[in-house]
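In: model the following, please.
(one chain, ligands or ions: 1)
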Amino acid sequence: MIEARGLARTFRTRGRTTDAVRGVDLDVAAGELVGFLGPNGAGKTTTLRMLTTLLRPTAGTATVAGRDLAGDPLGVRRRIGYVGQTGGTRPEARVHEELEAIGRLYGRTKSDARARTVALADRLDLTDLLRRPVKALSGGQRRRLDIAMGLVHDPRLVFLDEPTAALDPRSRANVWQHIRALREQHGTTVFLTTHYLDEADALCDRVLVIDNGTIVATGAPAELKARVAGDLVAVGVEHRDLPRVAEIAARIPRSSEVATVERGVQFRVPRGDLAMPELLRALDVADIATTSLRVHQPTLDDVFLTLTGRTIRDAELSTEQEAPVGA
Ligand SMILES: Nc1ncnc2c1ncn2[C@@H]1O[C@H](COP(=O)(O)OP(=O)(O)OP(=O)(O)O)[C@@H](O)[C@H]1O
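Out: All right, here's what the predicted structure looks like:
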């Protein structure tokens, strides 16, 4: 459904050059729900805007929904849906008017556009809101309308840019449910960007991790997490017991990265749950009491940390600090 090779984009503004995307290769199969995960400024939106014909690549080629991006941009546009970060709705218009207007824009007759509006409202839980002005919708309702607007022409492939940005947890879960339904009930291919780790983890079949304009990892969330060197076990003990506990940790089969921290010892093992009985037995034999015991399974943030040396949150903080005034 998407095949891109060496896609790149450089911006030149006021004498400054930014390599926003540096040669991205990506493949998305029909029916996949793929997430593009990375910190702010990583190049997600720029890639999405190139794939949806809104921005011309500086280099590279792509086929999107069966059409060549450079050779047939109009063909691409006809076959895809695009839901940007800020929807294109008029605040005074009513929900049904916005949906019908898009239907007419795509050449539907008035009655056909109305029928499509009713069907989409049903799919995205907007039926009771059709007569409301757009400005009176909540954040989550508004995002559902944005998604509905991207589906009016029944595209087989839809791009969603940060579909749950700035939503509260309940509205996010609700939008996720609708995105899953797009794929499960309608077979739509979904390509979305996110900087939320839990969103990529819970929603996507496959995640492409992007940092600094380059894809640094691709895989199912579980696969990516399995690449991090195992679970982290943290044992809290009295200060005087630290050296003995570090020795015990080092003797646990396949343990690594044993480290003494302020109130305990931590180490990695491939499976924390399997190491636990042996650890407890050894502590018991040595007559050492624990103050706490935790097994931390890797998250996608650990994946990002392993690959780039910093967490997504840290990466975002440093981008905020670097951002030029007025950006
Ligand atoms: N029109 C532009 N002119 C100059 N630089 C730009 C332009 N658009 C994006 N950039 C720069 O390109 C880089 C990538 O931006 P992009 O918006 O693609 O990142 P992102 O991963 O989508 O971030 P976010 O999550 O904040 O949307 C950033 O350094 C950004 O400042």
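In: what are the ranges of the helices in the stretch 1-150 of the chain?
Out: 44-51, 73-79, 95-105, 110-123, 139-150 (DSSP state H, counting those that start in this stretch).
In: tell me the mean pLDDT over the fourth one?
Out: Right, helix 110-123. Averaging pLDDT along helix 110-123 gives 91.
In: with only the CA atoms kept, save that helix in PDB.
Out: The C-alpha coordinates for helix 110-123 follow below in PDB (Å, rounded to 0.1, in the frame of the first residue of the first chain):
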ATOM      1  CA  LYS A 110     -26.600  16.000  -2.700                       C
ATOM      2  CA  SER A 111     -28.600  13.000  -1.700                       C
ATOM      3  CA  ASP A 112     -25.500  10.700  -2.000                       C
ATOM      4  CA  ALA A 113     -23.500  13.100   0.200                       C
ATOM      5  CA  ARG A 114     -26.300  13.100   2.800                       C
ATOM      6  CA  ALA A 115     -26.400   9.300   2.800                       C
ATOM      7  CA  ARG A 116     -22.700   9.100   3.200                       C
ATOM      8  CA  THR A 117     -22.900  11.600   6.100                       C
ATOM      9  CA  VAL A 118     -25.400   9.400   7.900                       C
ATOM     10  CA  ALA A 119     -23.300   6.300   7.400                       C
ATOM     11  CA  LEU A 120     -20.100   7.900   8.600                       C
ATOM     12  CA  ALA A 121     -21.900   9.500  11.600                       C
ATOM     13  CA  ASP A 122     -23.000   6.100  12.500                       C
ATOM     14  CA  ARG A 123     -19.500   4.600  12.200                       C
END
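In: tell me what it is packed against?
Out: helix 95-105, helix 139-150 (3 or more C-beta pairs under 8 Å, 6 or more residues apart in numbering; DSSP states H and E). For every residue, glycine as well, the C-beta is placed using N, CA and C.
In: same deal with the last one?
Out: Contact analysis of helix 139-150 by 3+ C-beta pairs under 8 Å, 6+ apart lists strand 80-83, helix 95-105, helix 110-123, strand 157-161, helix 169-186 as its packing neighbours.
In: can you list contacts of the last one?
Out: When you say that, I think you mean helix 169-186. 31-33, 123-125, 138-140, 143-144, 147, 151, 158, 160, 163-164, 167, 188-190, 192, 199, 202-203 (C-beta atoms under 8 Å, 6 or more residues apart in numbering).
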